[in-house]
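Colleague: what follows is a predicted structure for the sequence shown.
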Amino acid sequence: MGTTVLIVDDSKLARIVVGKAVAALQPDWQRVEAGNADEAVAAIAAQTVDVVIIDYNMPGRDGLALAEELRARFPAMPIAIATANIQDEIVARARAANATFIAKPVTEESARGFLSGAALRLRSARA
């Protein structure tokens, strides 16, 4: 069974950058993109999504609101919030939603820990 990662960001360039980091670290994972929270919810309704990387600042619902919604529906899903906004309150809310914080700009190095941990959790859950 393949692994699908959903990349949610209102910036196409940011989705490309995150996608490249994912492809470099987890080349077998399928990547799906969404430009906002509503598109992300629709993508998850349309297919199985295993991992989500969400931008914080988006039009409509912010990334933390989406993370909290997804956490309620998928308690074990690996979720990361990617943002350049590193205020203590945002980091604390990400942690409260059991989401990993990744500072932007996202690089292979900054994404490595989250993606490695996600892969391990998914393998354990499927074993």
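Modeller: Nice, I can see it. Residues are numbered from 1 along each chain as shown.
Colleague: next SSE downstream of the helix or strand bottoming out on mean pLDDT in the chain?
Modeller: Taking mean pLDDT, DSSP states H and E as the measure, the helix or strand of the chain with the lowest value is helix 88-96, at a mean of 84. Following helix 88-96 in sequence order, the next helix or strand is strand 100-103 (DSSP states H and E).
Colleague: that following strand pairs with which strands, parallel or anti?
Modeller: If you go by DSSP bridges, strand 100-103 pairs up with strand 79-83 (parallel).
Colleague: buried residues, the least confident helix or strand of the chain. List them.
Modeller: By neighbour count on 16 or more other Cβ atoms under 10 Å, the buried set for helix 88-96 is Ile90, Arg93, Ala94. C-betas here are computed from N, CA, C, even on glycine.
Colleague: which strands or helices does that helix pack on?
Modeller: On a contact count with 3 or more Cβ pairs under 8 Å, 6 or more residues apart in numbering; DSSP states H and E, helix 88-96 meets helix 63-73, strand 79-83, strand 100-103.
Colleague: list the strands paired with the strand or helix carrying Leu6, with their directions.
Modeller: When elements are assigned from DSSP H and E, Leu6 belongs to strand 4-8. Here strand 4-8 is paired, per DSSP bridges, with strand 30-34 (parallel), strand 51-55 (parallel).
Colleague: tilt between the last one and helix 63-73?
Modeller: What it means is strand 51-55. Going by axes from the mean of the first three to the mean of the last three Cα atoms, to 10 degrees, strand 51-55 is angled at 160 degrees with respect to helix 63-73.
Colleague: below-threshold pLDDT in the protein: ranges please.
Modeller: Within the chain, the stretches with pLDDT under 70 are 1.
Colleague: quick one, longest helix in it?
Modeller: helix 108-126 (DSSP state H).
Colleague: mind listing what's buried in that helix?
Modeller: Applying 16+ other Cβ under 10 Å to helix 108-126 flags Ser110, Ala111, Phe114, Leu115, Ala118, Ala119, Leu122 as buried.
Colleague: now the spatially most central residue of the chain: how far from Ala127?
Modeller: Most central in the chain under Cα atoms, centre = their mean is Ile53, positioned 1.2 Å from the mean C-alpha point. Distance of Ile53 to Ala127, computed by Cβ to Cβ, to the nearest Å: 24 Å.
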